[in-house]
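Visitor: Take a look and give me a structure for this.
(chains A and B)
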Amino acid sequence: MQEVEIQVRNVMEKVFGISGLEMPADTSQKSFPRWDSLMHMNLILALEDELGIEFSDDEIASIVSLQELIKAVGIK
Amino acid sequence: MSIQSYDVKTTSVEVHRMPATLSDVIAGADRMELLLAAGSATYSICFIRNVTIEGIVPYLRYRFLEDGVLPLINYGGFGTLKQDLLDSGSPLNKAKNDLIVTALMIEELDPDFGFPQWTGTRTLEILKGFFADLEESEHPLIALNTLLLPNYTATGTGVSTDSNDTANEIDKLNNFIRGWANKRKDRFCLIDWSLISRRIGESSSMDYRYWYLSKSPFKREFLDQLALSIRTIMRSISGLTKKCLVLDCDNTLWAGIIGEDGLNGIKLDGHEYPGRIYYDFQKTILHLIECGVIVALCSKNNEKEVFDVLDNHPWCLLKRKHLSAHRINWLDKATNLDSLSRELNLDLKSFVFVDDNPRELSLVKQLLPEVTVLQVPNKLYQYPNLLVREALFDAIVVADEDKLRTQFYQADITRKNEEQKHAELKGYLTSLNQVAKIHIASDGEIARVAQLTQKTNQFNLTTRRYTDYEIRCLAEAATSCVYALTVEDRFGALGLVGVLIVKLQGDIVFVDSLLLSCRALGRELEVSFVLECIRDIHTKWEVSGWESEYIPTSKNSQVSGFWKSMGFDVISKSASSIRFRLDGRQPSLLPPPYIKISSD
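Guide: The predicted structure follows:
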């Protein structure tokens, strides 16, 4: 697993309170009901805090899956 | 209200720093929730809002769980204020909420806001209607937010000559909101958004990105400040507000050491550095005294030299008359604090101790962990705001009696001297010439009665906390009565010091609450109080018997045997409550002979 993916999963683990490593690779807002718009906001803010990055508003609105998140963090 | 068995877990409240990242705030709150004992206190909060306020959840959970309380949070719909209030099935009305919190942004109240020539007239009408609806509702406690002032002016740096200046208009609306809450202190309080944003600034308050993305306007610092304000309200209604401020003297009340520098050598001059810092700190103490906080000194000095400063230093604001007790000697501070707590009859949990010496503070922390300790900051310029910033003493209701509290305690010092003269307790009690007035609580006494239910921990049989509004409802209902006990003795008035609340359940009278202020303990007033209330109830209601209850907390063990001593028998017993019943109409107990009951 890439470093970026581990970082993202670590933050998701804390925000959702579940084991980040057990989350399937294709996890998305659709497949994971707890990932609602409020949790999405917390997740984005938590990733920004933790990794010292900033998402654009477009990114925030368009990211809906774990893979998209990893990709967006990877190019920061 | 489920807060009744409330107990602080963290005994030594220092300023808890929030973890640095949101993920750690969330994980920290989750961890604290897991550690929470089953049956811990909960506190339910409902936001009525026209913006997304859900971002506050991690902070609210973290701050409440620090106190060992689980917050239950729900929300009204977006901008459906009226419907939320009227619809019995809305989250607002479905369950009983301990606190309603408004979260209203001007942008969503009035679509015309932000256009040239905007005035607050329409918003004012909306707020008036909405607040009136809130007042009509049955919610016991409502926290109103003030509106945020604009951070820029449309007219640029020049002074606006336009009378409809936006900031000016919002100021007027905020004054209306503050005035509304102020006139209805029994049920309304404020969470002053505009003050918070002024304090922490636009860049820490406003999250414009999420405002435009999802109508979620605030950054973490602002949300944490809101959470802290809400916790202060919860603490104040749950008897967790601190009551007694204990101060060291040298380098705490003034700069320098009186024993070495002398009266003219210590620094306290309001025009000089660092004197002004200490002078300003003393000003904040005067404010606390006004609000009913008890002040005591605890220092290693020669007593005479300290009182020389209080009596004779031209810049010393704290005077002898402000003190309720003192320990100025060479004993260790923990011993002295412990003896102050016994003299003042106040739990050490309600103590805040300020000292400049980290060694003294760490000793106190070690030996008396329940005392909150604050150190004079190394960055001295932060000192004047130390006490207000912590909001430890914040109470949402200040009753008239609060302002007189120091006098009560000072009269108590004279009483204590008398007590030492009379070796035998009965002789002492007789010498007091106590006169008790036992009566239905009047309108003007409601605030004090509610406050006693919120603050009394030791002589409190059930520790049920009530707001002003709830007391008013109990007082007005046909099936309940709120009795008050006011006492005076030959040293002066003690004021309203006892509350007894009864409810009629069928033909049984149930004693819902019985409590006595700590300043009235040890005088057998409780016996006279209960006997007289029972006698009075029989003249009002046709009843066949009496039932009562003892709900144990960590602080009220001294009254566990009270109902038995009054002749009540145990009828059921569980870990959380013991129920009692009195066979017959009156206890077969004689009233204490040294308390005169006044009939007027």
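
Visitor: which SS state does the residue nearest to B:E33 when sequence neighbours are not counted fall under?
Guide: Leaving out its chain neighbours, the residue that sits closest to B:E33 by CB to CB, 6 or more residues apart in numbering or on different chains is B:L65, at 5.9 Å. Placement of C-beta: from N, CA and C, glycine included. The three-state assignment at B:L65 reads helix, by DSSP: H, G, I helix; E, B strand; the rest coil.

Visitor: Count residues in the vicinity of B:L65, would you?
Guide: 22 (other CB atoms under 10 Å in any protein chain shown).

Visitor: ok now do it, which residues does it touch?
Guide: B:29, B:32-33, B:36, B:71 (CB atoms under 8 Å, 6 or more residues apart in numbering or on different chains).

Visitor: Any chance of TSV for those residues, columns secondary structure and neighbour count?
Guide: Formatted as TSV, the contacts of B:L65 follow (DSSP: H, G, I helix; E, B strand; the rest coil; neighbours: other CB atoms under 10 Å in any protein chain shown):
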residue	secondary structure	neighbour count
B:A29	helix	24
B:M32	helix	19
B:E33	helix	15
B:L36	coil	15
B:P71	strand	24
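
Visitor: Save these as TSV, and put in pLDDT too.
Guide: Output for these, formatted as TSV (pLDDT from 0 to 100):
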residue	pLDDT
B:A29	95
B:M32	94
B:E33	93
B:L36	89
B:P71	96
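
Visitor: Closest to B:C298 out of those residues?
Guide: Closest approach between the contacts of B:L65 and B:C298, by CB to CB: B:M32, at 32.8 Å.

Visitor: host element of the closest residue to B:S339 other than its chain neighbours?
Guide: Once flanking residues are discounted, B:S339 sits nearest to B:R327: 6.6 Å by CB to CB, 6+ apart. Element membership of B:R327, judged by DSSP states H and E, is strand B:323-328.

Visitor: Contacts for that strand next, please.
Guide: Here strand B:323-328 makes contact (CB under 8 Å, 6+ apart) with B:244, B:249, B:294-303, B:306, B:310, B:336-337, B:339-340, B:343-344, B:405-406, B:409-410, B:412-413.

Visitor: let's go with 6 Å and repeat that
Guide: B:294-299, B:301, B:303, B:306, B:336, B:340, B:343-344, B:406, B:409 (CB atoms under 6 Å, 6 or more residues apart in numbering or on different chains).

Visitor: quick revisit: please name the bridge partners of the residue nearest to B:S339.
Guide: In this entry, B:R327 is beta-bridged to B:C298, by DSSP bridges.

Visitor: any chance you could map the helices in chain A?
Guide: Secondary structure of chain A by DSSP state H: the helices cover A:3-16, A:37-51, A:57-62, A:66-74.

Visitor: got JSON lines for these, with mean pLDDT, mean neighbour count and distance to B:S214 too?
Guide: Formatted as JSON lines, the helices of chain A follow (pLDDT from 0 to 100; neighbours: other CB atoms under 10 Å in any protein chain shown; distance: least, CB to CB, whole Å):
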{"stretch": "helix A:3-16", "mean pLDDT": "91", "mean neighbour count": "19", "distance to B:S214": "17"}
{"stretch": "helix A:37-51", "mean pLDDT": "93", "mean neighbour count": "20", "distance to B:S214": "7"}
{"stretch": "helix A:57-62", "mean pLDDT": "92", "mean neighbour count": "13", "distance to B:S214": "9"}
{"stretch": "helix A:66-74", "mean pLDDT": "93", "mean neighbour count": "18", "distance to B:S214": "18"}
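
Visitor: What is the neighbour count of B:S203?
Guide: What B:S203 shows, counting by other CB under 10 Å, is a neighbour count of 9.

Visitor: How about the residues of chain A by chain B?
Guide: Proximity of chain A to chain B (CB under 6 Å from any CB of the partner chain) is limited to residues A:11, A:14-15, A:17, A:38, A:45-46, A:49-50, A:57.

Visitor: Following the helix or strand harbouring B:C189 in sequence, what is the next regular element?
Guide: Using DSSP H and E, the element containing B:C189 is strand B:188-191. Going down the chain from strand B:188-191, the next helix or strand is helix B:193-200, by DSSP H and E.

Visitor: Please work out how many residues are found near the closest residue in space to B:E305 that isn't next to it in sequence.
Guide: In space, B:E305 comes closest to B:I258 once its chain neighbours are excluded; the distance is 4.9 Å by CB to CB, 6+ apart. Residues near B:I258, counting by other CB under 10 Å, number 21.

Visitor: For chain A, see how far away B:I258 is.
Guide: Distance, B:I258 to chain A, using CB to the nearest CB, to the nearest Å: 48 Å.

Visitor: Outside of the strand holding B:C189 itself, list whatever touches it.
Guide: So strand B:188-191 is contacted by B:142-145, B:181, B:229, B:396 (CB under 6 Å, 6+ apart).

Visitor: quick one: the residue nearest the centre of chain A from A:K14, how far?
Guide: Centroid-nearest residue in chain A, with CA atoms, centre = their mean: A:L69, separated by 5.0 Å. From A:L69 across to A:K14, the span is 15 Å (CB to CB, to the nearest Å).

Visitor: ok, now B:Q454?
Guide: To A:K14, B:Q454 is 36 Å away according to CB to CB.

Visitor: ok, now B:D536?
Guide: B:D536 sits 59 Å away from A:K14, going by CB to CB.

Visitor: now do B:K540
Guide: Distance check for B:K540 against A:K14: by CB to CB, it reads 59 Å.

Visitor: And for B:I233?
Guide: From B:I233 to A:K14 the distance is 29 Å (CB to CB).

Visitor: Tell me the confidence at residue 63?
Guide: With no chain named, the answer covers chain A. Here, the pLDDT recorded for A:I63 equals 94.

Visitor: try again with chain B
Guide: At B:R63, pLDDT is 94.

Visitor: Relative to chain A, how far out is it?
Guide: 16 Å.

Visitor: And the residue of the stretch 51-200 of chain B closest to chain A?
Guide: Per CB to the nearest CB, B:E54 is where the stretch 51-200 of chain B lies closest to chain A, at 4.6 Å.

Visitor: for chain B, longest strand please?
Guide: Once chain B is assigned using DSSP state E, the strand that runs over the most residues is strand B:492-505.

Visitor: helices and strands around that strand, which ones?
Guide: helix B:446-455, strand B:480-489, strand B:508-516 (3 or more CB pairs under 6 Å, 6 or more residues apart in numbering or on different chains; DSSP states H and E).

Visitor: Select, out of those, the one closest to chain A.
Guide: Comparing the helices and strands packed on strand B:492-505 against chain A with CB to the nearest CB, the closest turns out to be helix B:446-455 (33.2 Å).

Visitor: now the angle from that closest one to strand B:492-505?
Guide: Between helix B:446-455 and strand B:492-505, the angle comes out at 80 degrees (axes from the mean of the first three to the mean of the last three CA atoms, to 10 degrees).

Visitor: which parts of the helix or strand that comes right after helix B:446-455 are buried?
Guide: Along the chain past helix B:446-455, the next helix or strand (assigned with DSSP H and E) turns out to be helix B:468-476. By neighbour count on 16 or more other CB atoms under 10 Å in any protein chain shown, the buried set for helix B:468-476 is B:468-472, B:474-475.

Visitor: Could you figure out how far the strand or helix carrying B:I170 is turned away from helix B:193-200?
Guide: Applying DSSP H and E as the criterion places B:I170 in helix B:166-183. Going by the same axes, to 10 degrees, helix B:166-183 is angled at 120 degrees with respect to helix B:193-200.

Visitor: From the rest of the structure, what touches helix B:166-183?
Guide: The contact list for helix B:166-183, computed with CB under 6 Å, 6+ apart, reads B:119-120, B:123, B:131, B:144, B:146-147, B:149-150, B:188, B:190, B:194.

Visitor: at 8 Å what do you get?
Guide: Here helix B:166-183 makes contact (CB under 8 Å, 6+ apart) with B:106, B:118-120, B:123-124, B:127-128, B:131, B:144-150, B:153-154, B:160, B:188-190, B:192, B:194.

Visitor: Which ones among those residues map onto strands?
Guide: With DSSP E as the criterion, strands contain B:144-145, B:188-190 from among the contacts of helix B:166-183.
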